[in-house]
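Participant: give me a 3D structure for the following:
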Amino acid sequence: SSRKADLMAQINAGKAVATLAFSEKGSRSHFWAPVSRATQNGGGAVLNCNKSFVTSAGHADYYIVSSGSIGGQNPTESTLYLVDRKAAGVERTGEWTGIGLRGNASGPMSIRDCHLDASARMTNEGEGFKAMMEIVLPWFQVGSAAVSIGIAEAACGGAVSHTSTATFEHLNQTIAAGVPGVRARLARMRLAVDSARGYLDQTLSRVE
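Facilitator: Residues are numbered from 1 along each chain as shown. Next up is the predicted model:
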């Protein structure tokens, strides 16, 4: 639709931010299985759901929201919707205090009695699971891998710094110099981080 085309142009120009609102409190980390279920509203839908881990909750301009499809019978029958942050019933309900991801702002949100017209559907009815698995998940995995490698790199650097400066005063040696097993563990850590980074680089090259 022209509305979606306009939104994509805004996002590409850096004038708007869209994010994902998949995970729900009821199904926890099983983001592909919303426990909420949309109801019919003419040609559109009404959403009522409690979302958790919404990246940039309360800050993004638009949210791609998953909900059980209208009339669906199981958790994998879902539909994705485009919801404006200014839509009635959309509210951030908590702060994010995650370890290592403090700048992420992945907080919970409540969506109550939110009426959407047919143009808000981002997938056909009942095809949300397919979109989440085939379109969203691969990019999510790449992003998660990059974050994890960054954390691992910091941990590796911290371990090297500590073991190469902390000393056994009675031996006048650093921990790394005085305990050969420590150096072996640091080497395995370095190899593991480099291997993961190489795998991510190879994956991105193949995607491109």
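
Participant: so where does the residue of the chain positioned farthest from its centre fall, helix or strand?
Facilitator: Residue farthest from the centre of the chain, counting by Cα atoms, centre = their mean, is His170 at 48.9 Å. If you go by DSSP states H and E, His170 is not part of any helix or strand.

Participant: got the phi/psi numbers for it?
Facilitator: phi -70, psi -20 (degrees, to the nearest 10).

Participant: same check on Ala18?
Facilitator: Here Ala18 shows phi and psi, under degrees, to the nearest 10, equal to phi -110, psi 150.

Participant: can you pull out the low-pLDDT segments for this structure?
Facilitator: 1, 99-103 (pLDDT under 70).

Participant: need the helices for it, in chain order.
Facilitator: Assigned by DSSP state H, the helices in the chain fall at 2-12, 128-131, 137-165, 175-178, 180-207.

Participant: please produce TSV containing the ones you listed, extended by mean neighbour count.
Facilitator: C-beta here means a position set from N, CA and C on the backbone, and glycine is covered the same way. Shown next, in TSV, are these (neighbours: other Cβ atoms under 10 Å):
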stretch	mean neighbour count
helix 2-12	12
helix 128-131	21
helix 137-165	13
helix 175-178	16
helix 180-207	12
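
Participant: kindly reformat the ones you listed as JSON lines containing distance to Thr19.
Facilitator: As requested, the helices of the chain are exported to JSON lines (distance: least, Cβ to Cβ, whole Å):
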{"stretch": "helix 2-12", "distance to Thr19": "11"}
{"stretch": "helix 128-131", "distance to Thr19": "15"}
{"stretch": "helix 137-165", "distance to Thr19": "12"}
{"stretch": "helix 175-178", "distance to Thr19": "43"}
{"stretch": "helix 180-207", "distance to Thr19": "21"}
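
Participant: of all those, which lies closest to Ile111?
Facilitator: helix 128-131 (14.9 Å; Cβ to Cβ).

Participant: packing partners of the closest one?
Facilitator: Contact analysis of helix 128-131 by 3 or more Cβ pairs under 8 Å, 6 or more residues apart in numbering; DSSP states H and E lists strand 78-84 as its packing neighbours.
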